[in-house]
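# Can you look at this prediction? I've put the sequence above it.
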4 protein chains.
Amino acid sequence: MKKHSFKTDFEEGCHPQILRALSESNYSQQAGYGDDEYSIAAREAIQRHIANPAADIYFVSGGTQANLIAISATLRSHEAVISPKSGHIYQHETGAIEATGHRIQLIESQQGKIYPEQIIAEVEAYFPPHTIKPKMVYLTQSTEVGTIYSKAEIEAIRRICDEHDLYLYVDGARLGAALSCSSSDITLAELSQLCDMYYIGGTKNGALLGEAIVINNENLKEAFRSNIKQKGGLLAKGRLLGIQFYELFKDQLFFELASHANAMADKIRQALIEAGITFMTDSPTNQLFPILHDHVIQKLNENYDFYTFYRHDAEHSVIRLVTSWATPVEKVDEFIMDIHKLISK
Amino acid sequence: MKKHSFKTDFEEGCHPQILRALSESNYSQQAGYGDDEYSIAAREAIQRHIANPAADIYFVSGGTQANLIAISATLRSHEAVISPKSGHIYQHETGAIEATGHRIQLIESQQGKIYPEQIIAEVEAYFPPHTIKPKMVYLTQSTEVGTIYSKAEIEAIRRICDEHDLYLYVDGARLGAALSCSSSDITLAELSQLCDMYYIGGTKNGALLGEAIVINNENLKEAFRSNIKQKGGLLAKGRLLGIQFYELFKDQLFFELASHANAMADKIRQALIEAGITFMTDSPTNQLFPILHDHVIQKLNENYDFYTFYRHDAEHSVIRLVTSWATPVEKVDEFIMDIHKLISK
Amino acid sequence: MKKHSFKTDFEEGCHPQILRALSESNYSQQAGYGDDEYSIAAREAIQRHIANPAADIYFVSGGTQANLIAISATLRSHEAVISPKSGHIYQHETGAIEATGHRIQLIESQQGKIYPEQIIAEVEAYFPPHTIKPKMVYLTQSTEVGTIYSKAEIEAIRRICDEHDLYLYVDGARLGAALSCSSSDITLAELSQLCDMYYIGGTKNGALLGEAIVINNENLKEAFRSNIKQKGGLLAKGRLLGIQFYELFKDQLFFELASHANAMADKIRQALIEAGITFMTDSPTNQLFPILHDHVIQKLNENYDFYTFYRHDAEHSVIRLVTSWATPVEKVDEFIMDIHKLISK
Amino acid sequence: MKKHSFKTDFEEGCHPQILRALSESNYSQQAGYGDDEYSIAAREAIQRHIANPAADIYFVSGGTQANLIAISATLRSHEAVISPKSGHIYQHETGAIEATGHRIQLIESQQGKIYPEQIIAEVEAYFPPHTIKPKMVYLTQSTEVGTIYSKAEIEAIRRICDEHDLYLYVDGARLGAALSCSSSDITLAELSQLCDMYYIGGTKNGALLGEAIVINNENLKEAFRSNIKQKGGLLAKGRLLGIQFYELFKDQLFFELASHANAMADKIRQALIEAGITFMTDSPTNQLFPILHDHVIQKLNENYDFYTFYRHDAEHSVIRLVTSWATPVEKVDEFIMDIHKLISK
């Protein structure tokens, strides 16, 4: 029998409601390239959630695709995107942004986050014609290490962007987890209002695939779909993405799925804290980074799959535990029991 | 009630066997990025069909994506791809190839096809350092106007490629229709053997999405998956593509679906011929390009959706009729009756 | 002893006045990157000639560089440049434009030129998101086959550009020859007024190297120098270009040099016409394309270098004869005598 | 009267021997694009100096151009170049490398230099398909802060490159100064042997413009000139570069000019040391980075131009002083006297 995996939140298929909707709509003939009825309905549902009927919304297949299209469609040739060093576009996307001709201008990140004064420093270092022009700020919410920006923090970055003519773009691969966690003090509509562009991640929150790019800034809307097509991101059967995002956003399913993932992580976090374990980052979302004794890790690995990320000291390492919309509560309970057994030893 | 559409072959969802497989596998935890059990099984199934266990096979989301990854991963910066002017990469992909830095070197096409002497002429015009180097030949099978290359024609192009150190790449968005039509004299395995690289189209042959890129040439295999990732084509839930291609290729489903589409087109073609209609191209596959009187087109349009492509003369135009894996035989029969009624008038 | 060459107009060094200016300025310390006193003076001199003190003017090393910078700095990722098929950017620049990510949208050219209705046809074929957007028109003046656009022709193209929101960019590698020939009905200032951007060629008109890019359109001015730097076109010793363009434009040297080249071509043209020779194109500038019997070509080749371009019929070919600012009148006289001897035979 | 400038080493024109050669060759008709007699002779002269008659050598206009052509012609789309953070390609080239589609993989540099273990760390972090592949190491010799690599240091990096299948590319914008300084323990021929590719800087060592790219590695030679042309780097009048490099390398002029610049810097360095001044970096070449009291800087600035680079502490800053092939010894003597006056105060 396979071990249960806490490796990531895209190891299961999709929420059964989505499968049902795919089946029910299967023989309906639909226009291609996102002009189908479901995509239209999904866009309207998201526009309601973000309280912006003027937003342009496009559905694409994955996060790297969303990022590279959003950034390359926005920047002119001499412009760059500012990102925390921990940013997904820098760490895990195989040079996708540079392949479109743009530098990622790095900022040292703490707990996966960057701060206004760091952005200002980059802007002030601009020295034309010898350096590229920082023009866009890239953030992830939640971050690659599970942390989240507070409303005040994003507002502060927004102000900097306004003052220095920068676009704010948020990578929301795990936006559901960020918005639905108990520490969150910002709603989707509030976050949306602060961004020029962002994407809402479906792949890591219960969809088979799919991210919804939302464009609020009028200047960034022109010919965006042409850019999607050019980069290979315009699905012929756009219905596949439309159906899924309609199911996620027609009511609250998107948030319910994220809440489940967070709740499962909350249980594990609580148990680890009670067992005296500390964490690499202060993550309130569905990714946890506990620092464990190597023999505990080895033992846990007999029954569970997860990534061991960093060596902490001679005897301890940091592992990553990720829960998903589909993580069974029984598996979490078993895991907690195993933790207690191993650590009380 | 909606009119039946003959606009294209990607207007329905997917074959129900695929939906079933998605449901059955839904809660199985699977590795990401194409390392799941289904993708592995799908690759093996295709390797059997093409009789090449050494082929590298990757699944991506769509045709433009497949083409831009295949071409940009292969060509060096001073190299170009030769394509018929009617080629999909030139006509319908929004400059995707040029966006990766490479010119498409055009050849005037007849009936969607190009011929060895045309390729030789391009090679002979190479004049370094002032012109780019033709390095790859791009074909579509079946072509954008429904025609197919015979085995002898592809063999002749292969010989030219060997003599002039060119790669042969086949865009198989509608490869199923090409291989399964009654005029075809080539099998998938035979075609495969003649190509350095090609892709097998799923989107237009019964899958929700997905194309299988097959690499036979050893020199083109290195780091190909990195190129997929860089261009945003590596799905986190690769299972979604693996499951579909496994269903299509574990037995003969891929070919059965294409045969159905072709059979429906055969019926329509036969009826049109009997009604004295001629065609823009000699298509034996699931795309037909009849030349109809404008009043016939107008009448047909009351009950059916299709594209009107070109004006033929003052009173006639060319329309495109496309059948799919899901086209109901009753709709075809109705359409044929309507044709007879309209044309006997 | 070396044969005299009529191969091209960049086979000699530069006008001695330029060498003198280089010597005289040699030990003066000057700011880099085009901020030197000579570049400033050269910009002012050109602004006076074109009667536009607001024009932005930059000096770069060569024509391919000028073209690729001008076009890539202007176009957004989904946009393309329209060019005659004979255009230098398509025929002789090794895919330089595509290497920056943009397609060259081809128009069949007659005598090296394109016409408004052809441009309109391209604009009307725009079909987003599946095709790229034509956004810039590229012309050469004089063309690659020596012909020139009349003032009315350029005005007509300008109107089309205004109506369809296109930029007009003129490649002036041989602009001197075009403006200074006897058929020209347009001045530099008039041409300038009709263009969003263009470049004035120095390399082919008596400079050691250098082209002056002139930007009239405000929208195209931002960060242009950053784009020059990014593409490797910003010379550290910008003085080298500034000194040359100052010499060429402080008075009338630029036009005098072109007039000499044209006058030499006029003499040869006249002699060929008198000898009953016809031409491939109706060139009034310093490039001539006579159609000669192959044995005449062979004989001429014993004493002169030139390119044989095309086979015309079984016994005749088209050769190209190019005169330059430095072509000695004695060589022209000798050539004419040889022509007479060969053809009267 | 203008103040003497120590801002950089490209503020004067060129060595008079070069001007003389330009004049003498001026009316000789020469083939274009680097096929002229002077370029051929210059290549042979350099081949003799580096003792490698098989080296491919190309002349281009400037350093950014040399770097972007060398790197983009070499790397495949998923590959990256490793550079010290202080590297010119990262700090002063406006994203030129990224504009060709490649990331610069940064290493923290000390005194402008990187070390084998840092390169190994980058190689070991390669995690396909999610990260780009480090494939080339970029160094500058001398570095942006005037320091140089010893022979042993470059040999150690070469070994790492061999072990990990990396190319070694050296940016020699100031290679003359590096090789000719008193601390140098490596000859041009020895350095050449250790590199796959590098360039010899002319612009900063007495030429009007020009850098010589030298390719030793057979695998990097194919179609390199096509890449130069595509990137706008192939001068029509290649003679301009050939003549200069022939003058620099037919005998020892290249080294003599660098020696003069170094000797002038040596005098200044000695004087500063005697005055008790310390330096930001331990530069033995023609760039000095003394740490001076702000009032000294202000006073010096009344008579001399130079860049003030960094604030060192509340009362001190780092300035950069650069000497050139043309720096007059009298100006250096005056400067030293001024230093003594200011600092003895």
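Okay, I see it. The structure presented is a predicted model; accordingly, all values stated were derived computationally and were not measured.
# Look up how far A:Thr74 lies from the residue lying closest to A:Asn217 once chain neighbours are set aside.
Of all residues not flanking A:Asn217 in the chain, A:Asp196 sits nearest, at 3.9 Å (Cβ to Cβ, 6 or more residues apart in numbering or on different chains). In this view, the C-beta of every residue, glycine as well, is placed from N, C-alpha and C. Distance of A:Asp196 to A:Thr74, computed by Cβ to Cβ, to the nearest Å: 8 Å.
# Which neighbours do these two have in common?
A:Tyr167, A:Tyr169, A:Leu220 (Cβ atoms under 8 Å, 6 or more residues apart in numbering or on different chains).
# Now do the helices in chain A.
Taking DSSP state H as the test, the helices found in chain A are A:16-25, A:37-50, A:63-74, A:88-91, A:96-99, A:116-124, A:151-163, A:175-180, A:188-194, A:224-230, A:239-250, A:253-274, A:294-303, A:329-344.
# Can you tell me which of the ones you listed is nearest to D:Gln252?
helix A:96-99 (41.6 Å; Cβ to Cβ).
# Next, see if that closest one gets close to chain C.
No: counting by Cβ under 8 Å from any Cβ of the partner chain, chain C has no neighbours in helix A:96-99; the shortest distance is 10.5 Å.
# check whether that helix contacts chain D.
Yes: contact of helix A:96-99 with chain D (Cβ under 8 Å from any Cβ) involves A:Glu98, A:Ala99.
# Is any residue of stretch A:86-95 near chain D?
Yes: interface with chain D: stretch A:86-95 contributes A:Gln91, A:His92, A:Glu93, A:Thr94, A:Gly95 (Cβ under 8 Å from any Cβ).
# would you list the helices of chain A in a markdown table and tack on mean pLDDT and mean neighbour count?
What follows is the helices of chain A, written out as a markdown table (pLDDT from 0 to 100; neighbours: other Cβ atoms under 10 Å in any protein chain shown):
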| stretch | mean pLDDT | mean neighbour count |
| --- | --- | --- |
| helix A:16-25 | 98 | 17 |
| helix A:37-50 | 98 | 20 |
| helix A:63-74 | 98 | 27 |
| helix A:88-91 | 97 | 20 |
| helix A:96-99 | 98 | 26 |
| helix A:116-124 | 97 | 15 |
| helix A:151-163 | 98 | 16 |
| helix A:175-180 | 98 | 28 |
| helix A:188-194 | 98 | 19 |
| helix A:224-230 | 98 | 25 |
| helix A:239-250 | 98 | 27 |
| helix A:253-274 | 98 | 21 |
| helix A:294-303 | 96 | 15 |
| helix A:329-344 | 94 | 15 |
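# Relative to B:Arg20, tell me which of the ones you listed wins on proximity.
Ranking the helices of chain A by proximity to B:Arg20 (Cβ to Cβ) places helix A:16-25 first, at 9.2 Å.
# Look up the closest residue to the residue of the stretch 151-300 of chain A at minimum distance from chain D, ignoring the ones flanking it.
As assessed by Cβ to the nearest Cβ, chain D sits closest to A:Lys231 within the stretch 151-300 of chain A, at 13.5 Å. Excluding the flanking residues, the one nearest A:Lys231 by Cβ to Cβ, 6+ apart is A:Ile69, at 5.0 Å.
# Assess the claim that that neighbour and A:Leu220 are in contact.
No: A:Ile69 lies out of contact with A:Leu220 (Cβ atoms under 8 Å); the separation is 11.4 Å.
# Show me which residues of the stretch 101-250 of chain A sit near chain D.
Residues of the stretch 101-250 of chain A lying close to chain D (Cβ under 8 Å from any Cβ) are A:Gly101, A:His102, A:Arg103, A:Ile104, A:Leu106, A:Pro128, A:Pro129, A:His130, A:Thr131, A:Ile132.
# Please name the residues that touch the second one.
The neighbourhood of A:His102, defined by Cβ under 8 Å, 6+ apart, consists of A:Ile71, A:Ser72, A:Leu75, A:Glu79, A:Ala80, A:Val81, A:Ile132, D:Gly95, D:Glu98, D:Ala99.
# A:Leu292 too?
Here A:Leu292 is in contact with A:Ile277, A:Leu300, A:His316, A:Ser317, A:Val318, A:Ile319 (Cβ under 8 Å, 6+ apart).
# if you look at these, which of them are in strands?
Counting by DSSP state E, the part of the contacts of A:Leu292 found in strands is A:His316, A:Ser317, A:Val318, A:Ile319.
# near chain C too, which of those residues?
Among the ones in strands among the contacts of A:Leu292, no residue sits close to chain C (Cβ under 8 Å from any Cβ).
# Please identify which pair of those lies farthest apart.
Pairwise distances across the ones in strands among the contacts of A:Leu292 (Cβ to Cβ) peak at 10.0 Å, for the pair A:His316 and A:Ile319.
# Looking at the two, which one has more neighbours?
Taking neighbours as other Cβ atoms under 10 Å in any protein chain shown, A:His316 and A:Ile319 compare with A:Ile319 leading, 22 against 16.
# returning to what we had before: where neighbours are concerned, which of the shared contacts of A:Asp196 and A:Thr74 has the most?
Among the shared contacts of A:Asp196 and A:Thr74, A:Tyr169 has the most neighbours (other Cβ under 10 Å), with 29 neighbours.
# Specify which member of the shared contacts of A:Asp196 and A:Thr74 is nearest to C:Glu24.
Nearest to C:Glu24 out of the shared contacts of A:Asp196 and A:Thr74 is A:Tyr167 (Cβ to Cβ; 49.7 Å).
# which residues touch that closest one?
Here A:Tyr167 is in contact with A:Thr74, A:Lys135, A:Met136, A:Val137, A:Cys161, A:Asp196, A:Met197, A:Asn217, A:Leu220 (Cβ under 8 Å, 6+ apart).
# Quick check: beta-bridge partners of it?
In this entry, A:Tyr167 is beta-bridged to A:Met136, by DSSP bridges.
# one step back: and of the contacts of A:Leu292, the nearest to chain B?
When those are compared for distance to chain B (Cβ to the nearest Cβ), A:Leu300 comes out closest, at 16.4 Å.
# I'd say the closest one and A:Lys341 touch.
No: between A:Leu300 and A:Lys341 there is no contact under Cβ under 8 Å: 10.3 Å.
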